[in-house]
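Asker: pasting the sequence and the predicted model now:
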Amino acid sequence: MKKQLSAVVTGANRGIGFAVARELAERGSRVFLVARNGEAGLRAERELSGFGDVRLVPGDLSTPRTTRMAARSVLDACPRIDVLVHNAGVWPSRLERGDDGIERAFAVNHLAPFLLNHLLERALGGEGATARIVQVSAGLYVKGRVDLEGTARGDDFHAIRTYATTKLCNLLLLERFAERFEPRGVTVNAVHPGVIRTGLGDRSGLLGVLLRGVKQLWKTPEQGARPVVRLALDPTLAGVTGRYFDLDKETPLAGVARDRALAARLWAQAEALCGLTPKAHHAAGDASKAGE
Ligand SMILES: NC(=O)c1ccc[n+]([C@@H]2O[C@H](COP(=O)([O-])OP(=O)(O)OC[C@H]3O[C@@H](n4cnc5c(N)ncnc54)[C@H](OP(=O)(O)O)[C@@H]3O)[C@@H](O)[C@H]2O)c1
């Protein structure tokens, strides 16, 4: 009998994450939905239970502190992970900082997957097992610009560029994660899912009304889920790692995402902000001062 895979999907209560969870469940995986809002999470769990084996894991990825709590809940529910989909994401229209002083999109889109990769490492692969990590990325990464001094705190906040920058951060670290996980049999790939009709980046006012109108022309969440699920399950992609896909097409990363010196500094900064190094307290303290 074929082994049932355990798949963890963050931000799975709506949008692309919901559609990914549904497709994984329909294809026979046991799916753990990570959702920050209990009510929305339970609703998604109920709806998705009609398609397969689905369980809710409460988890808020807004700050490294809450992400640690989410990781503990994931490990309790699911001690062996075959598929980890980093899907949760935000596109804020204005600067918001967490209680640690870190800009919201930087925390959710960049630091949360970084920290989860570390904290969930022991549940992924090892001892002859394999696992896949899929980072839901965005083609807009090419517009990103990382400022190691200011981006974490949102000092350079911009309503479009900040989102792009957080997606660039994921891709700058892709190759390093691929190298780190290779000995455990874990692959790490990133995918742009297309331009998809979801709540991402919704705005209020006239701009919001216009945006909602334009979104009617965009693809459905189910269409956005397909390239993500392909990276998670397609047997022809076994062993493929450290790659970026535009939908189903493997695509070389633009130069801006291939700066290894910047990647090394970004990695060290993320370790510090996430409390993974002795310098952590200092760096997080710096960020929280900026939030005062
Ligand atoms: N839509 C597109 O055109 C597009 C294009 C390229 C890439 N993407 C990427 O696709 C991914 C999914 O986006 P989407 O379009 O499906 O957006 P969405 O409909 O806005 O869904 C985002 C999901 O992330 C969750 N989330 C946000 N902040 C969170 C937090 N602090 N902790 C836990 N979960 C959190 C949301 O939960 P709540 O319901 O609680 O807010 C929601 O479930 C994102 O990474 C996005 O960058 C989307």
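Answerer: Cool, the structure landed.
Asker: now for the residue of the stretch 51-200 of the chain found nearest the ligand, how many residues are close by?
Answerer: The minimum distance from the stretch 51-200 of the chain to the ligand, using CB to the nearest ligand atom, falls at residue 89 (2.5 Å). All C-beta atoms are positioned from the backbone trio N, CA, C, and that covers glycine. Neighbour count for residue 89, taken as other CB atoms under 10 Å: 27.
Asker: apart from its neighbours in sequence, what residue is nearest it?
Answerer: residue 109 (5.1 Å; CB to CB, 6 or more residues apart in numbering).
Asker: burial of that neighbour, as a residue count?
Answerer: Other residues close to residue 109 by other CB under 10 Å number 29.
Asker: checking it next. Helix, strand or coil?
Answerer: Under DSSP: H, G, I helix; E, B strand; the rest coil, residue 109 falls in the helix class.
Asker: please identify the buried residues of stretch 68-82?
Answerer: 70-71, 73-75, 77-78, 81-82 (16 or more other CB atoms under 10 Å).
Asker: just the CA atoms of it, as CSV, please.
Answerer: C-alpha atoms of stretch 68-82 as CSV (Å, rounded to 0.1, in the frame of the first residue of the first chain):
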residue,chain,number,x,y,z
ARG,A,68,8.1,29.3,17.6
MET,A,69,4.8,28.5,19.2
ALA,A,70,3.3,27.5,15.8
ALA,A,71,6.4,25.2,15.2
ARG,A,72,5.8,23.5,18.5
SER,A,73,2.1,22.9,17.6
VAL,A,74,3.1,21.5,14.2
LEU,A,75,5.7,19.1,15.7
ASP,A,76,3.2,17.9,18.3
ALA,A,77,0.6,17.3,15.6
CYS,A,78,3.0,16.0,13.0
PRO,A,79,6.3,14.6,14.1
ARG,A,80,7.3,13.5,10.5
ILE,A,81,6.7,16.0,7.7
ASP,A,82,6.9,14.8,4.0
